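> From the sequence below, what's the structure:
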Amino acid sequence: MMKTPKTPILQRLPLGLSTFSKIRSEGCLYVDKTEHAYGLITQGYRYFLSRPRRFGKSLLVSTLQEILEANKPLFKDLWIENSDYRWNKHGVITLDFSRIEASSINDLRIRLCELLQQVANSYQLELMLNTERPASALEVLVIALHRKFGHVAILIDEYDSPILKNLNKLEQAEEIIDSLRSFFAVIKGLDKEINFVFITGVSSFAKAGLFSGMNNLKTITLDKRWATICGYTDQEIDHYFSQHIQAWTDEKNISYDELRLQIKDWYNGYRFGAHVDSVYNPFSIMSALDMQEFENFWLATGTPSFLIKEFEKIHRISEMRLLELESIKVTSDALGIFAVGKTPLSALMFQTGYLTITGFDADNRNYQLGYPNYEVRTAVQKYLLGIYTNLDFEAVDQFALKVRSALVQKNISELVILIKSMFARVSYHEHMQEEAFYHGLLQVLFGTAGLKASSEISMSNGRMDMVIELSNVIYLLELKLNQSAEKALEQIEKRQYYQALKYHNKPIILIGLNFHRVPGEFDITYATKEMGPA
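Predicted coordinates for the structure are as follows:
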C-alpha cells in the first residue's frame, strides 16, 4: 500500500517581527543580509539610507546591532560567520524614533532623553542623564560607552517619524527639525569616540540640512552597491521561499511556474538605482505566502496620512498630472528632496514606495519613474479615484465592482452610465480640456476594478487607445473629446486595430466614446460594434 507523502513542515515566516535575535532564536526564516551588513561596517563609518515603510529597515538595524555587540552565536550558518569579521564588541546606542510622539518640542526632548537613559541602563551604566538636553545626554552616554568598550556605534531607525507626524503643523515640524539638527550635530564632535553610525527612515531630510553637522555622512539610498540591502531579490525568493511557493501551488492546483510569475507581477519591481536588480517588499511577499492569496497587503497596513493630504491639494494637480504618473522623469537630486511643505510630489511618492525607478537616461542623467508592481498600482489608482470623485474607499470598491460586472455582462449602456456618473462627480476645475485626462481617469477606474487594461498600444497601422481583456471578451476603446462617438468607432474599423487581437479567439467589442465638455455641459456618447471570435 502506497503511503501518502508527507507535506514538508514549512519554516515559520517572521511576519510582524523585526528583531534579529527573536527571529533567529525562534527558528524563523531569515533571508541572509549579513554580507551587506559586513560591507557597511567594514567599508565605511557614517551612513544614511532611505527606504519605504515595511521594507525591512528595522530588521537591518537590529542585525547591525547584534553584529556590533558581537553576539556571534546568533549568526550560525550565516554568511558573516565564515567571514574575516573581527567581532569587536561595541557599545551600541540604538534609537527607534517611531517611539517618539513629539506633540511638542519639550515632549521630543524628554522622550529622546528617556530612550538614551534606557540604553545606559541596559549596559549597567550608572548615569543620570539630563532629561531636558538630549544633545548633552548623548555626549555623556557616548563617552561612557567608549570608556567601557573602546568602540561605540549609533543606530537610528525611523529618524523622520517625529517630523512626519507633525507635517500638518508646519511651524512645529520646523522646530523639530531644528532640535534634531542640534542632536545630530553632537555626533560630529565625537568622531574619535564613535566608530560607526547608521541612520534610516522613509524620507530624505538629509538634503534639507538636518545632518548638516555631519559632513561625512554617506547617503546610500541610490547607491547601486546597496540597492538590495533591504527587500528580496528574485534569486532570494527562489532560494529561501521555494517550499512555501510549492505549498501554495499544491493548495491551488496550479503550476509552480505560473504561480511564480503571478507573484512577480504582484510584488516585485522596486528599484533603488540605475541598472540594479529589482526587489520585493518583504512584508507583502511574506503575507501572500502565509495567506496563500493575492491581496494588497501593503495598502492594508496604512498609507502615510501626509501623502494623502498632498494628493488632495488642488495645486498638486497643476504641479504634476496625477493620472500620468508613469511618465515622470526626475534627477537623483530631485528624488532626494524633502523640505517641509515644499517637497515635489514625485519625490514624496518615490520615498514612500508608490513610485520606483523604472528606467535611466544616461545622457540626460534622468530617472524614469513608474509603479513597481500590480499591488502598488491598484493602491494608487484606488486613492486617485477616491480623490477625484470624492468617494471613500468602500464606495470606490463598490463602484469598481459595478463597472467590472457591466463589462463581464457586455452591458455597454450600463458601463457608459457608470462612467458618466463618475465624471459627473469630478469637480469642474479638475477637468482638463485634453483627451489624455479622460483617458487617464478611465485607466484608473479599470485598474481599480482589477481589470487588465492596456493603453496606447502601438500597432503597424496606428495606436489603440485602450484594450481591456476579460476571460470571456475583449474590449477595444477609442476616445474622442468634443468630436463624436461615431468618428471614434470609425477610426477603429478603418485601421482594423482588432486584427491583432483575433488570435485570442474571443468576441471583440469595439467602443467609440466621445466626451463632450464645455462650460456648464458634460455628456458622454458611445457607438459600439461586436465582432465574433476568429
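> Can you tell me which residue is spatially central in this protein?
residue 353 (2.2 Å; CA atoms, centre = their mean).
> That residue touches residue 203, doesn't it?
No: judged on CB atoms under 8 Å, residue 353 makes no contact with residue 203 at a distance of 11.4 Å. In short, each C-beta sits where N, CA and C put it, glycine included.
> circling back to that earlier point, tell me how many other residues surround the nearest residue to the residue nearest to the centre of the chain once chain neighbours are set aside.
In space, and not counting its chain neighbours, residue 353 is closest to residue 52: 2.8 Å by CB to CB, 6 or more residues apart in numbering. Using other CB atoms under 10 Å, the number of residues around residue 52 comes to 23.
> cool, residue 434 as well?
The number of residues near residue 434, taken as other CB under 10 Å, comes to 11.
> residues touching it, list them.
Applying CB atoms under 8 Å, 6 or more residues apart in numbering to residue 434 gives the contacts residue 481.
> Now do it against residue 496, distance only.
27 Å (CB to CB, to the nearest Å).
> Helices along the stretch 51-200 of the chain, start to end?
57-68, 105-122, 134-149, 161-164, 170-189 (DSSP state H, counting those that start in this stretch).
> Show me what the second one is packed up against.
With contacts defined as 3 or more CB pairs under 8 Å, 6 or more residues apart in numbering; DSSP states H and E, the packing partners of helix 105-122 are strand 91-96, helix 134-149, helix 170-189.
> ok, now the first one?
For helix 57-68, the packing partners by 3+ CB pairs under 8 Å, 6+ apart come out as helix 20-25, helix 34-43, strand 91-96, strand 152-157, strand 196-201.
> average pLDDT for that helix?
Averaging pLDDT along helix 57-68 gives 98.
> Can you mark which positions in that helix are buried?
57-68 (16 or more other CB atoms under 10 Å).
> mind checking which helix or strand residue 523 is in?
strand 521-531 (DSSP states H and E).
> coming back round to it: ok, the buried residues of helix 57-68 vs residue 22, which is closest?
Nearest to residue 22 among the buried residues of helix 57-68, counting by CB to CB, is residue 62 at 8.7 Å.
> Which pLDDT does the model give the residue nearest to the closest one when sequence neighbours are not counted?
Of all residues not flanking residue 62 in the chain, residue 20 sits nearest, at 4.2 Å (CB to CB, 6+ apart). Note on residue 20: pLDDT of 98.
> burial of residue 20, as a residue count?
Counted with other CB under 10 Å, residue 20 comes out at 26.
> Ok, which of the helices of the stretch 51-200 of the chain comes nearest residue 254?
Across the helices of the stretch 51-200 of the chain, closest to residue 254 is helix 57-68 (CB to CB), at 31.0 Å.
> Show residues contacting that closest one.
17-21, 23, 33-34, 36-38, 40-41, 49, 51, 74-75, 80, 85, 87, 89-90, 92, 94, 96, 151, 153, 155-158, 196, 198, 200-201, 229-230.
> Helix 134-149 and that one, what's the angle between them?
In terms of direction (axes from the mean of the first three to the mean of the last three CA atoms, to 10 degrees), helix 57-68 departs from helix 134-149 by 40 degrees.
> Would you pull up how far helix 57-68 lies from the middle of the chain?
From the chain centre to the centre of helix 57-68 is a distance of 21 Å (CA atoms, centre = their mean, to the nearest Å).
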